[in-house]
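Chemist: coordinates only, sequence not included:
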């Protein structure tokens, strides 16, 4: 508690007792200024005037808790750290909660992927247990229909078909989803549109086989998928039985089939898989 008679300095100071009372003695007559303060409370000022021989009782004084100001310093993610978070979310996406659906982004402005992200996503997809089970199922269908007949039947024939089918999946995933996107700086993911007319969404989905986002965020020809499709078909021609390659047009026809499958996958992503993926991030998609 500080009392400063007008024109005097530094003034008088006292401390209140346990009941909050205070007394100043031998105060000079005239105007005065009283400052009441306490730790962690807002101080108050009070003014008055004394006549010679007078006593003065101040009105009830209550100190309030001051307004608290909290400073929050937010340090933003780097683009790579943000991509880490988004990829971790994508790797939880599964159709029916089971089938991997890692190569779709429901965030329209997702952070660009580094080469490490692209190869990591490709490995995650190619090595997923459900992928391996799916390859086994396809190999069984091929054996039942005697596709690639030169492989024969029985356990040995099934093993060869399994290996050939998995080689197709592995090559397509890594060449089109990691190697070429890293070299050409393109994003291998499908970016869910989710808005607009049904026609615009179908056209958008079908075009996904030949159009993609670059790492710079701009749309561009999907060279990664096109080159990857032809490269994968070329590799396939090296290990399939010769009588199943259907002549010189095998690579071209196989590549075109791969591109058609990409377009179909885009349509399914746009209209079906998004509804059947319960653990996908629930973000609103903007127009592309």
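Modeler: Looks like it arrived, so ask away. The structure presented is a predicted model; accordingly, all values stated were derived computationally and were not measured.

Chemist: can you find the helix or strand of the protein with the lowest average pLDDT?
Modeler: When each helix and strand of the chain is scored by mean pLDDT, DSSP states H and E, strand 2-5 comes last, with a mean of 66.

Chemist: beyond that strand, next helix or strand please.
Modeler: strand 12-13 (DSSP states H and E).

Chemist: show me what that next one is packed against.
Modeler: For strand 12-13, the elements it packs on are strand 2-5, judged by 3 or more C-beta pairs under 8 Å, 6 or more residues apart in numbering; DSSP states H and E. No exception for glycine: its C-beta is placed from N, CA and C like everyone else's.

Chemist: quick one: contacts of stretch 175-189?
Modeler: By C-beta atoms under 8 Å, 6 or more residues apart in numbering, the residues outside stretch 175-189 that reach it are 90, 103-105, 110, 112-113, 115, 118-119, 121-122, 125, 212-216, 220, 222-225, 227-229, 231-232, 235.

Chemist: report the mean per-residue pLDDT for that stretch.
Modeler: Within the predicted structure, the mean pLDDT of stretch 175-189 is 96.

Chemist: how about the helix or strand encompassing residue 266: buried residues?
Modeler: Using DSSP H and E, residue 266 maps to helix 250-268. By 16 or more other C-beta atoms under 10 Å, the buried positions in helix 250-268 come out as 250, 251, 254, 255, 258, 259, 262, 263, 265, 266, 267, 268.

Chemist: which of the residues you listed has the weakest pLDDT?
Modeler: On the confidence scale, the buried residues of helix 250-268 reach their minimum at residue 250, with 81.

Chemist: now the angle from the longest helix seen in the chain to helix 250-268?
Modeler: Across the chain, the longest stretch assigned as helix under DSSP state H is helix 154-174. When axes from the mean of the first three to the mean of the last three C-alpha atoms, to 10 degrees is applied, the directions of helix 154-174 and helix 250-268 differ by 70 degrees.
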